[in-house]
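Undergrad: Quick check, what structure comes out for this input:
(one chain, ligands or ions: 2)
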Amino acid sequence: MTTKPKVTLVTCQALPNLFPGEEGLLDELASRGCDPQIKVWNDPDVDWADAGMVVVRSVSDYAQDRPAFLEWTRQLQRVQNSKDVLNWNTDKHYLKELAAMGLPTIPTNWLEPSQKLTKHQIHTRFPAFGEFVVKPAVSSGVRDIGRYTTVDICQRQAAMRQVQGLLGEGRSVMLQRYVEEIDLHGEISLVFFNGLVSHAVEKRSALHPASVTNPEMHEAVVTAEAADSVAWTWGEQIRRVLHDYVRARLGHDELFLFNRVDLVPDGKGSFLVMEVSLVDADLYLGSTPGALGNFADAISSRAHW
Ligand SMILES: Nc1ncnc2c1ncn2[C@@H]1O[C@H](COP(=O)(O)OP(=O)(O)O)[C@@H](O)[C@H]1O
Ligand SMILES: [Mg+2]
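TA: Ligands and ions are numbered 1, 2, ... in the order given. Now for the predicted structure:
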């Protein structure tokens, strides 16, 4: 008799059943001959030596203690995505490196705690006109992101307080123009499993003017999207840069179990990458028929490998 391969899907305390739409994964995996379970990454009672293949899922609280999260990954024997990916993709500085390799990212002004910037120096880094966004480099689940306008002195002051608050906590800050195209064209998420196209969704803009996102807020409004061939072609371009990056880091390529690429089309035939999500990516498995099955196939083919 062969034993069934164990698969541990990892979540956080606040999402005991994974992301909405993912609940069916246990049944889908069981029907593919796996022995699946769900565990919380920082639950001290879990025996990770006996977890089988670990699949990182709804760990949306990792940004509150990234060092503890990375420490947790070190003990795992087999984890998807891999430990190196979990390391770099939990800090949005990776966008800087991917931009240097040719990825069209949102132009960003990076403010580092080590720079010890004065209030005046921070002010000079705010854009001169239009709306702008303040977000921590280590963040997830649309938390702690502020949207402000430059013309209103009160909003500039609020942005300053947010920036100084984050830097004071030792957190790196990203300043970006508010990409207005998102209001017109939405943000498209392209989802790949084991390197294959699975599905796409469109998300509406998550940021309200003159406000910082509510820490309890979870996901943007999502609708299934029949991404056109242009969007998938962009996805392939992005994947090429990503894999160049992985090869440059590791000396060899590596297939991601899951990969979600978020981009904003500019309406003129080009796009900007918002983020590449390889850790706590909501994969919107409830959005599109077949998405849940595609993911279960991808996990199970690895578990049986
Ligand atoms: N520069 C920006 N312009 C417009 N919207 C933005 C910008 N940055 C972030 N957002 C909005 O905030 C959401 C979350 O930002 P993101 O960088 O993806 O961080 P998270 O890791 O929290 O998802 C995006 O999906 C988008 O709706
Ligand atoms: Mg995002």
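Undergrad: Please give the element, helix or strand, for residue 189.
TA: Residue 189 is part of strand 187-193, with elements assigned from DSSP states H and E.
Undergrad: Ok, residue 286 next?
TA: With DSSP H and E as the criterion, the answer for residue 286 is that it lies in no helix or strand.
Undergrad: what's the answer for residue 264, then?
TA: Applying DSSP H and E as the criterion places residue 264 in strand 258-265.
Undergrad: And for residue 97?
TA: helix 94-100.
Undergrad: wait, residue 76 sits on residue 52?
TA: No. In this structure residue 76 lies outside contact range of residue 52 using Cβ atoms under 8 Å: 10.4 Å. Every C-beta, even on glycine, is put in place using the N, C-alpha and C of the backbone.
Undergrad: quick one on the thing from earlier: can you tell me the strand partners of the strand holding residue 189 and which way each runs?
TA: strand 196-203 (antiparallel), strand 258-265 (antiparallel) (DSSP bridges).
Undergrad: returning to that earlier point: after the strand holding residue 264, which helix or strand is next?
TA: strand 271-277.
Undergrad: What helices and strands are in contact with that following strand?
TA: Contacts defined by 3 or more Cβ pairs under 8 Å, 6 or more residues apart in numbering; DSSP states H and E place strand 271-277 against helix 94-100, helix 229-250, strand 258-265.
Undergrad: touching ligand 1 at all, the shortest one?
TA: Right, the one you point to is helix 94-100. No. Helix 94-100 stays out of contact with ligand 1 when judged by Cβ under 6 Å from any ligand atom, the minimum separation being 8.8 Å.
Undergrad: Now do that helix: which elements does it pack against?
TA: strand 108-111, helix 229-250, strand 271-277.
Undergrad: ranking those by burial, who's on top?
TA: strand 271-277 (a mean of 21; mean count of other Cβ atoms under 10 Å).
Undergrad: tell me which residues in the helix or strand that that one is followed by are buried?
TA: Once strand 271-277 ends, the next helix or strand along the chain (criterion: DSSP H and E) is helix 291-303. Under the neighbour-count criterion of 16 or more other Cβ atoms under 10 Å, helix 291-303 has 291, 292, 294, 295, 296, 297, 298, 299, 300, 302, 303 buried.
Undergrad: So the last one sits against residue 54, correct?
TA: Meaning residue 303. No. Residue 303 lies out of contact with residue 54 (Cβ under 8 Å); the separation is 10.7 Å.
Undergrad: first vs last residue of stretch 267-280, how far apart are they?
TA: 29 Å (Cα to Cα, to the nearest Å).
Undergrad: Tell me the gap between it and the middle of its chain.
TA: 11 Å (Cα atoms, centre = their mean, to the nearest Å).
Undergrad: which residues of this structure score low on pLDDT?
TA: Applying pLDDT under 70 to the chain flags the ranges 1, 215-221.
Undergrad: switch the cut-off to 80
TA: 1-2, 210-211, 213-227 (pLDDT under 80).
Undergrad: can I see the domain layout of it?
TA: 6-83, 94-104+180-206+216-287, 108-177 (automatic domain parsing).
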